[in-house]
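S.K.: Build me a structure from this.
(2 chains)
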Amino acid sequence: MLAMQTQTLTQRLANPSNFMALSARLLPWCWGLATALLAVGLYLAFFGSPPDYQQGQTVKIMYIHVPAAWLSMLVYALIAVSSFGFLVFRHPLADVSAKAAAPTGATFTFLALATGSLWGKPMWGAFWVWDPRLTSVLILFILYLGLIALRSSIEDEALASKLTAVLSLVGIAILPVIKFSVEWNSLHQPASVMRLGAPTIHPSLLWPLLVMALAMTMLFLAMQLKAMRNEILRRRLKTLRRVAAESAAGLSQQPAH
Amino acid sequence: MDLGPHATYIWSAYAVVGVTLLALIAWLFLDGRRQQRLIEEIEARGRARKRS
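M.R.: The predicted model follows:
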């Protein structure tokens, strides 16, 4: 009883049963909030914001491209923090979080590349250029695929978790490269929102962008909670199968009376 | 709504995002339902074995 009382909030949340109960309550709110924010964001993007003075209506691609690009980096940072938590504190839920986030992170990175490509063609005249920003984001995408492939290629789950965690910590070096790559002879425009000093983007374009970024972050949160629940169920199923197999083997070894 | 001469690129970008995210969400729900069903099946088999 005393042990229960002295548990920290992190320890209570790290318990898979507590996480399942809490996430079941949170998930409907996350999906609902994400849907509502997406509706508002899309309305602002299409009906509440003017065309850009240089880029015209193609600026509307920014409202999905920039949130996807932010999330591609944010999700990787989450994977790295979770991996650190798993390697140092041995929290099984941290490993669940790292594993669950990888496909979602890869998806957002793919979307950042695809929407960037569709924005690049009318603005730069090419779907792809070997620009520092584009190339470093492509490396991030390959890194995500590497994390997924490494984990699924090793049968021993504990070993797969450790190796994937180490690779994700090594791979975090790509994040500052992506961030500062726009300053290295890049076609890509420099940061206009997340920078020292005030954003250089006009408020009529900034607000729809911020709402869409919040909407897609909330959507990611809902997807992450759902993916973590699925992973906990998958591990529970694996344990149940092992127990069933052991009990069947025990019964078959009992002498007949 | 007039999206100008580059409307195809704008609609394509939104379509790629919409289809990809919907597919990911659908996969998450189908995967969750599958895991839950398999757990219920194995628990039901365990209960049946105990009764017999």
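S.K.: What residues of the helix or strand where residue A:20 lies count as buried?
M.R.: Under the criterion DSSP states H and E, the helix or strand holding residue A:20 is helix A:16-47. If you call a residue buried by 16 or more other CB atoms under 10 Å in any protein chain shown, then helix A:16-47 has these buried ones: A:16, A:19, A:23, A:30-31, A:33-34, A:37-38, A:40-42, A:44-46. (Glycine included, C-beta is placed from N, CA and C.)
S.K.: Mind giving me the packing neighbours of it?
M.R.: Using 3 or more CB pairs under 8 Å, 6 or more residues apart in numbering or on different chains; DSSP states H and E as the contact criterion, the elements in contact with helix A:16-47 are helix A:9-14, helix A:92-124, helix A:203-253.
S.K.: could you give the angle of the longest one to helix A:92-124?
M.R.: Orientation note: helix A:203-253 sits at an angle of 140 degrees relative to helix A:92-124 (axes from the mean of the first three to the mean of the last three CA atoms, to 10 degrees).
S.K.: Show me what helix A:203-253 is packed against.
M.R.: Using 3+ CB pairs under 8 Å, 6+ apart as the contact criterion, the secondary-structure elements in contact with helix A:203-253 are helix A:16-47, helix A:62-89, helix A:92-124, helix B:7-51.
S.K.: That helix - what's its average pLDDT?
M.R.: If you average the pLDDT over helix A:203-253, you get 90.
S.K.: Residues of chain B that sit close to chain A?
M.R.: Counting by CB under 8 Å from any CB of the partner chain, chain B comes close to chain A at B:1-7, B:9-10, B:12-14, B:16-17, B:20-21, B:24-25, B:28-29, B:31-32, B:35-36, B:38-39, B:42-43, B:45-46, B:49.
S.K.: what sits against the residue in chain B positioned nearest to chain A?
M.R.: Of all residues in chain B, residue B:35 sits closest to chain A, at 3.7 Å by CB to the nearest CB. Contact analysis of residue B:35 by CB atoms under 8 Å, 6 or more residues apart in numbering or on different chains lists A:230, A:233, A:234, A:237.
S.K.: The last one against residue B:38, yeah?
M.R.: If I follow you right, that is residue A:237. Yes - taking CB atoms under 8 Å as the definition, residue A:237 is a contact partner of residue B:38 at 5.3 Å.
S.K.: Tell me how many other residues surround the closest residue to residue A:143 other than its chain neighbours.
M.R.: Closest residue to residue A:143 apart from its sequence neighbours, by CB to CB, 6 or more residues apart in numbering or on different chains: residue A:171 at 4.7 Å. The criterion is other CB atoms under 10 Å in any protein chain shown. On that basis, residue A:171 has 20 neighbouring residues.
S.K.: which residues touch residue A:171?
M.R.: By CB under 8 Å, 6+ apart, the contact list for residue A:171 reads A:76, A:80, A:143, A:146, A:147.
S.K.: and whichever strand or helix holds the fourth one, average pLDDT?
M.R.: I take that to be residue A:146. Following DSSP H and E, the helix or strand that holds residue A:146 is helix A:132-153. Across helix A:132-153, the average pLDDT comes to 95.
S.K.: Also stretch A:173-185?
M.R.: The predicted model gives stretch A:173-185 an average pLDDT of 83.
S.K.: buried sites along that stretch?
M.R.: Residues of stretch A:173-185 classed as buried: A:174, A:175, A:177, A:178, A:181, A:182 (neighbour count, 16+ other CB under 10 Å).
S.K.: Let's have those in CSV, adding distance to residue A:162.
M.R.: Converted to CSV, the buried residues of stretch A:173-185 look like this (distance: CB to CB, whole Å):
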residue, distance to residue A:162
A:174, 21
A:175, 22
A:177, 25
A:178, 26
A:181, 31
A:182, 35
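S.K.: Sketch out the low-pLDDT regions of chain B for me.
M.R.: Chain B contains no residues with pLDDT under 70.
S.K.: which residue does chain A bring closest to chain B?
M.R.: Closest point on chain A to chain B, by CB to the nearest CB, is residue A:233, at 3.7 Å.
S.K.: From residue B:35, how far off is that residue?
M.R.: Here the distance between residue A:233 and residue B:35 works out to 4 Å (CB to CB, to the nearest Å).
S.K.: and stretch A:153-169, anywhere near chain B?
M.R.: No - no part of stretch A:153-169 sits close enough to chain B to count as contact by CB under 8 Å from any CB; the gap is at least 15.5 Å.
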